[in-house]
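Engineer: here is a sequence together with a model predicted from it:
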Amino acid sequence: MATNLETIVNFSTQKGFVFPSSDIYGGFAATYDFGPVGILLKKNLEAAWRYWNVTSRTDMVEIEGAIFMHPKVWEASGHIGGFSDLLVEDLVSHRRFRADHLIEDAGVMENAGALTPEQVDDVIAEHKIKSPDGNSVSKAKRFNLLVKTHLGPVEDDSSLVYLKGESCQNIYLDWKATQMVTRRKLPFGIAQIGKAFRNEITVKQFLFRTREFEQMDVQFFCKPSEADAQYEAWKSNRWDFYTKCIGLKEENVRWRQHELDERAFYAQDAWDIEYKFGEIGFKEVEGVHHRGSYDLDQHAKFSGQDLSYFDPETKERYNPFIVECSGGFNRLFLLTLFEFYREEEVTTAKGEKETRIVFGAPYDLAPFKIAILPLMKKDGLADKAWELYEGLRKQGISADYDESGSIGKRYRRQDEIGTPWCVTIDYDTLESGTVTLRHRDSMEQVGEGGRIAIADVAKYLSKEQFGK
Ligand code: ATP
């Protein structure tokens, strides 16, 4: 596991997991691109999440909603009125900072997000908290986080729209259509992976807090009388997702219950799953919220539409209660880098000590499953290797190919991007049709005498299934 954010930033940007966005223009604050290795990890993490929450269950369906939504959605959801952070302004540099972060960074309290503006002003005055630039700060002001834009040919208030401040709103709007078209009875849930945008005041800690990110949501619709039990079931499901499906060590994951004053007024209970991001400490990666029928009540009121469910057992009509599990994809990606990055002291064939970097992700998450390495480019070795490479890729196996540098260097490169298997094509391959197949973690070659038949390589690539 990595302990240091800088190590992860350097590692992931140098190895093609993440690129700073718009880099040739000097970058653009807190926006990142997933590189050729990172996109493979991203797709595997999404597949793990989808397997765990949708495919392997009988009570879940998935949708994908648009980013643009009717502006009234954000009035109904409370985001226009209440989706704000408190900010303070440095009185000299005029830079703005999130007040709760300043208070937390000063070590005064752990969760300052629930303080009122007046309380923030008092705490800042009492503890003489300065801005990171070392100057006094203004009184706290509310700052709305919704990102605004205009659609259509005219830029005025009538064309004002908001990018999704949280991804899940489509699920509430589509819940009834989904229930009707799938003929589902309660309880059942709708899952979605979707973009969200927040005009965050302080963006720091790499992928942890960005202005554009993805959320992975489960909204589970249930009878009011069953909501408490469903809430507990989903809490334990979420723990298992992180520890079993993704494979995090239990000591790196913990629960934190929201304080009463931190919770939305309608929320019956709220817990966060936190991950220990090395020296940064435990931070939220997912919120599990017992939301009652608030979301459907609000959208029914603002749209004038009936969003209720007719319960065939009790013959009653009601708006279902919702248990929400809302995780951040960027944080899942970042914690995966932290958890599976490791540095090991190894002895080379020449007897020298060196540090080996390994991205030790489980097979299912590994960006490439296998790398094909010809011992030499000449004498037909590269052609033979390319043939195997092409064949594996045609079978849909995420394979990589590398013919540059010594075999030792090429093994290290693959260890760094987490490739579980490396196959080497050498002169014996041409004669006997056998290859060496080396495993990332043990660094040992499999098979009798360290060789296997080329036709047997695919057997080692059988899929593990997400923590099962
Ligand atoms: P925070 O307190 O860290 O700002 P939040 O409580 O506002 O987060 P939610 O609105 O509950 O977050 O969103 C659900 C999840 O979305 C969070 O647990 C987090 O993983 C992710 N998330 C929220 N804001 C961001 C962001 N700016 N960048 C990346 N991920 C985010």
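Structural biologist: Thanks, I have the structure now. Residues are numbered from 1 along each chain as shown.

Engineer: so who does Leu45 touch?
Structural biologist: Applying C-beta atoms under 8 Å, 6 or more residues apart in numbering, we find Leu45 in contact with Ile246, Phe329, Leu332, Phe333, Thr336, Leu365. Heads up, the C-betas are built off the backbone N, CA and C, glycines and all.

Engineer: which member of those residues is positioned nearest His299?
Structural biologist: Distances from the contacts of Leu45 to His299 were compared by C-beta to C-beta; the smallest belongs to Phe329, at 24.8 Å.

Engineer: how about the nearest residue to the closest one once chain neighbours are set aside, secondary structure?
Structural biologist: Nearest in space to Phe329, with sequence neighbours left out and distances taken as C-beta to C-beta, 6 or more residues apart in numbering, is Glu214 at 3.8 Å. Using DSSP: H, G, I helix; E, B strand; the rest coil as the criterion, the local structure at Glu214 reads strand.

Engineer: count the neighbours of Ser308 for me.
Structural biologist: Using other C-beta atoms under 10 Å as the criterion, Ser308 is surrounded by 16 other residues.

Engineer: give me every residue that touches the residue lying closest to it once chain neighbours are set aside.
Structural biologist: Of all residues not flanking Ser308 in the chain, Arg317 sits nearest, at 4.6 Å (C-beta to C-beta, 6+ apart). Taking C-beta under 8 Å, 6+ apart as the contact definition, Arg317 lies against Ser308, Tyr309, Phe310, Asp311.

Engineer: now, of those residues, which are buried?
Structural biologist: The neighbour-count test (16 or more other C-beta atoms under 10 Å) marks Ser308, Tyr309 as buried among the contacts of Arg317.

Engineer: so which of the contacts of Arg317 comes closest to the ligand?
Structural biologist: Here the nearest of those to the ligand, counting by C-beta to the nearest ligand atom, is Tyr309; it sits at 25.4 Å.

Engineer: would you check that that closest one makes contact with Gln179?
Structural biologist: Yes. Under the criterion of C-beta atoms under 8 Å, Tyr309 lies in contact with Gln179, with a separation of 6.8 Å.

Engineer: and for the two, which residues touch both?
Structural biologist: Phe221.

Engineer: quick one: neighbours of Lys130, just the number.
Structural biologist: Taking other C-beta under 10 Å as the neighbour definition, Lys130 ends up with a count of 15.

Engineer: not counting sequence-adjacent ones, nearest residue to it?
Structural biologist: For Lys130, ignoring the flanking residues on the chain, the nearest one in space by C-beta to C-beta, 6+ apart is Ser136 at 6.4 Å.

Engineer: report the buried residues of stretch 3-13.
Structural biologist: With burial defined by 16+ other C-beta under 10 Å, the residues of stretch 3-13 counted as buried are Leu5, Thr7, Ile8, Val9, Phe11, Ser12, Thr13.

Engineer: so the second one: helix, strand or coil?
Structural biologist: At Thr7, secondary structure determined by three-state DSSP is helix.

Engineer: gap between Met69 and the ligand?
Structural biologist: Using C-beta to the nearest ligand atom, to the nearest Å, we find Met69 at a distance of 16 Å from the ligand.

Engineer: what pLDDT does that residue get?
Structural biologist: Met69 carries a pLDDT score of 95 in this model.
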